[in-house]
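>>> Give me the fold of what follows.
(one chain, ligands or ions: 2)
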Amino acid sequence: MKKYILSFSLLFATVLQVFAEEGMLIPSLIAAFESDMKAKGMKLSAKDIYDVNNSSLKDAIMHFGGGCTAELVSGKGLLLTNHHCGYSQVQSHSSLEKDYLKNGFWAKNFAEELPNAGLTASRMVRIDDVTASVMFGVKSTDNSLVRDAAIRKNVEQLIKDATTGTHYEAEIKPFNYGNDYYIIVKEVFKDVRLVGTPPNSIGKFGGDTDNWVWPRHTGDFSVFRIYAGVDNKPAAFSDKNVPYTPIHFLPISFQNRKPGDFTMVYGFPGETEQHVVSGYLKFIIEKQRPAQIKMREKSLSVIDAAMRASDEVRIKYSAKQASIANAYKKWIGQIDGLKRLDAVSIKVSRENEYNTMASTKPEWSKMYGQAIELMNKLNDEGNQWEFKYNMAIEYLYVGPELYKLARGLKDLIKNHDRLVEKGELNTTIDKLIKGADGFFKNYDSKVDQQIFELLTEEYLKQTQPANSSGEMYKYNVGDLSKVIYSKSILTNKERYVAFLKGFKKKSIAKLKKDTGYKLYDVFATDFTDNTLSKYQAFDDQMTALLKNYVAGKYEMFPNAKHWSDANSTLRITYGQLEGSSPADGMMYTEHTTLDGIIAKYNTGNPDFELLPRMLEMHKNKDYGDYAQNGELWVCFTGSNHTTGGNSGSPVIDAKGNLMGLNFDRTWESTMSDYMFDPNRCRNVVVDIRYVMWVMDKYAGAKHLVDEMVLVKE
Ligand code: ARG
Ligand code: GLU
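Residues are numbered from 1 along each chain as shown. Ligands and ions are numbered 1, 2, ... in the order given. Okay, here's the model as predicted:
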């Protein structure tokens, strides 16, 4: 542990030479890292990676559906992402008769590719620092209202200037808590079709048992295709659309690999929080995460059992289960890792360094001398609101699902008069009725009832203020549950649809008497009236303090490697193909093979089930050109700093070719959202050669492999 308690300045100074893996870099600034990347083996120039006027790697990287990354791999718009990123699309095309989850799906030609309403893929056209323009005319003496208004006006103008006369969209995002602003101009494709997916027994092999864990054997990929209008520009779905011709697509790195090979991940990491103050980190570790974990543990106990008992429930709940389980398990790894790293003590010692540095100059002392103290004080007073906020998210948004319908109805009656005035009431009601099909297709009221009972108890327990005798805390959950799940319109499709079909003004009074709706209203009102604004104020104040604190880091430690926290914009991170030593006495090798899949099979755990075809394929050892020294690599790890949102990101070799798809981190590295440890933090990648083997040999979709360009060196 000792070696982490380095002095702050020393730690940052050494970071650059020794552990270049930390950091998620902004593509337009990558030239500053070119020489370091070359020293690590990269053969590309900064302009090959990011260029606005010529094609570059960035043109092959797509933000997939807003939450994942995908990459173009053929001249016909073929797109690869993770299996878990395309999971809800695959699920929506699945039924008991067409069980694509279980058996996989492969379109044999363009005509069989399946459209996905609402799914988008966006290419970043350019990203530019616009801090000076955003702050134009803003005076340091302005109060926050005047300031915000001026910023808003500037932002509007900049977006207008960037998009007028183009088919582009643009947004301006704060970086470093508002010390910097960047404009991101993008091209949003709206016709993205499903081309293929392996069965769950490949794409989700290892399931939740292996999720976030190394050694890993998951073929976590699915295949889509971008369609565009005949002018190659984004267009809404249409039969007339044609496969998109990309500006750049990634050739496939089809050669042997070894530890030490340069790797670069290019994608859309969602959120990191490297700068949080020590007191807040302690709150996350000791209070917030344990409570969130407990809520999810309860939901999962119900869902997992029900899915095991019934195929119908398995299909209905598979996507919901995956999303609840994913953060649940990550959080457990995260607090475990932060504790083992003694992250709070490291933070405190870095904070001491910061304070010491601030005391060396009067102007620093004035600007930054109190930064940390103020953040810790604000945290002590305000984190209770963040806690309540997150508990309400767990309960009202992740928990029992009747609340989803309640939210829609609450909006309906809130906007009732306005909708009538505009003549839109009936279309709004029709939309809700249509939505009911999708909702109840994946709903089981018995499952929901059990979740309701467990989570309502827990939510009330977690959020009850000391000595409170508030009405909410007097509920008898068992009694409520009986009434709600036998009578409420929110828990049964016939009742819900009948209510909407017969909707008249006086239905509002009837709705307000519905026990399920009434309960939602009490909780939701408590949330908006008592929690939301206080949480937002806490968050805003903390952001303002962080802004100043981070400015101090840049100013007082100019030689340190600084990088802006992830914020769902395109970033680059680099490292190498590398195993790790996760704990004393343990080594993780850097890759896994098909033999390992077979070894995990037949252990009685349904997460490792295989279809007979895989056993047959393994017996025949028909690996074609996809093997390396007789072994078929399945996954490998790299020392690249990634986070949620990097799923589906291409892992790119020294020459710009695709080595594999990022899909996870090891459990020991999930703490890297708060603190990166170069010894342990590894991203998990499915090898592109396994992906192609599955397409070609396993699934008989060789025509897709034939679309790609293989680089054998
Ligand atoms: N842990 C990965 C990520 O954060 C993969 C999740 C999907 N897999 C699963 N078994 N739930 O998204
Ligand atoms: N599976 C994650 C995702 O969906 C990536 C893993 C991580 O958090 O690093 O983005």
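>>> Let me see the mean pLDDT of stretch 589-604.
In this model, stretch 589-604 has an average pLDDT of 93.
>>> How about stretch 367-379?
pLDDT averaged over stretch 367-379 gives 98.
>>> buried set for that stretch?
Of all the residues in stretch 367-379, those buried under the rule 16 or more other C-beta atoms under 10 Å are 367, 368, 369, 370, 371, 372, 374, 375, 376, 378, 379. For the C-beta atoms, the positions are set from N, CA and C on the backbone; glycine is no exception.
>>> Of those residues, which is the nearest to ligand 1?
Distance to ligand 1, by C-beta to the nearest ligand atom, is smallest for residue 379 among these, at 27.0 Å.
>>> if I look at the closest one, how far off is residue 161?
Relative to residue 161, residue 379 is positioned 40 Å away (C-beta to C-beta, to the nearest Å).
>>> same question, residue 122
Residue 122 is 20 Å from residue 161, by C-beta to C-beta.
>>> who's more crowded, those two?
Ranked by neighbour count (other C-beta atoms under 10 Å), residue 122 and residue 161 place residue 122 first, with 22 against 12.
>>> where's that one, which helix or strand?
Per DSSP states H and E: residue 122 is located in strand 121-129.
>>> In contact with residue 491, which residues are there?
By C-beta atoms under 8 Å, 6 or more residues apart in numbering, the contact set of residue 491 is 402, 445, 448, 449, 484, 485, 516.
>>> pretty sure the fourth one contacts residue 488?
Put plainly, it is residue 449. No - using C-beta atoms under 8 Å, residue 449 is not in contact with residue 488; the gap is 10.6 Å.
>>> Would you point out which residue of the stretch 601-713 of the chain is nearest ligand 1?
residue 664 (4.4 Å).
>>> Kindly state the beta-bridge partners for that residue.
Beta-bridge pairing of residue 664 under DSSP bridges involves residue 684.
>>> cool, residue 169 as well?
Counting by DSSP bridges, residue 169 forms beta bridges with residue 186.
>>> Show me the buried residues of stretch 367-379 that map onto strands.
Assignment to strands by DSSP state E places none of the buried residues of stretch 367-379 there.
>>> got TSV for those, with distance to ligand 1 too?
Shown next, in TSV, are the buried residues of stretch 367-379 (distance: C-beta to the nearest ligand atom, whole Å):
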residue	distance to ligand 1
367	38
368	36
369	39
370	38
371	33
372	31
374	34
375	29
376	31
378	30
379	27
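>>> Might you report the residue contacts of residue 600?
Counting by C-beta under 8 Å, 6+ apart, the residues that residue 600 touches are 205, 206, 217, 608.
>>> what's the burial count for the one residue in the chain that gets nearest to ligand 2?
For the chain and ligand 2, the shortest gap (C-beta to the nearest ligand atom) falls at residue 647, measuring 2.9 Å. Counted with other C-beta under 10 Å, residues neighbouring residue 647 total 26.
>>> again with residue 505
Using other C-beta under 10 Å, residue 505 has 11 other residues around it.
>>> Please apply the same query to residue 483.
13.
>>> tell me the phi and psi of it?
Residue 483 adopts backbone torsions of phi -70, psi -50, taken as degrees, to the nearest 10.
>>> Identify the residue nearest it in space, chain neighbours excluded?
Among residues not flanking residue 483 along the chain, residue 515 sits closest, at 4.7 Å (C-beta to C-beta, 6 or more residues apart in numbering).
>>> which residues does that neighbour contact?
480, 483, 484, 487, 488.
>>> Any figure for the gap between it and residue 310?
As judged by C-beta to C-beta, residue 515 and residue 310 stand 28 Å apart.
>>> Helix or strand next in line after the lowest-mean-pLDDT helix or strand in the chain, which one?
Sorted by mean pLDDT, DSSP states H and E, the helices and strands of the chain end with helix 8-18, the least confident at a mean of 40. Next in sequence after helix 8-18, counting helices and strands by DSSP H and E, comes helix 34-39.
>>> Specify the next element, helix or strand, located C-terminal of that next one.
Next along the chain after helix 34-39, taking DSSP H and E as the criterion, comes helix 46-49.
>>> Quick check: next helix or strand after that following helix?
On the C-terminal side of helix 46-49, the nearest following helix or strand under DSSP H and E is strand 61-64.
>>> Would you mind listing the outside residues contacting that following strand?
69-72, 79, 81, 85, 121-124, 186, 189, 224, 226, 266-268, 568, 570, 648-650.
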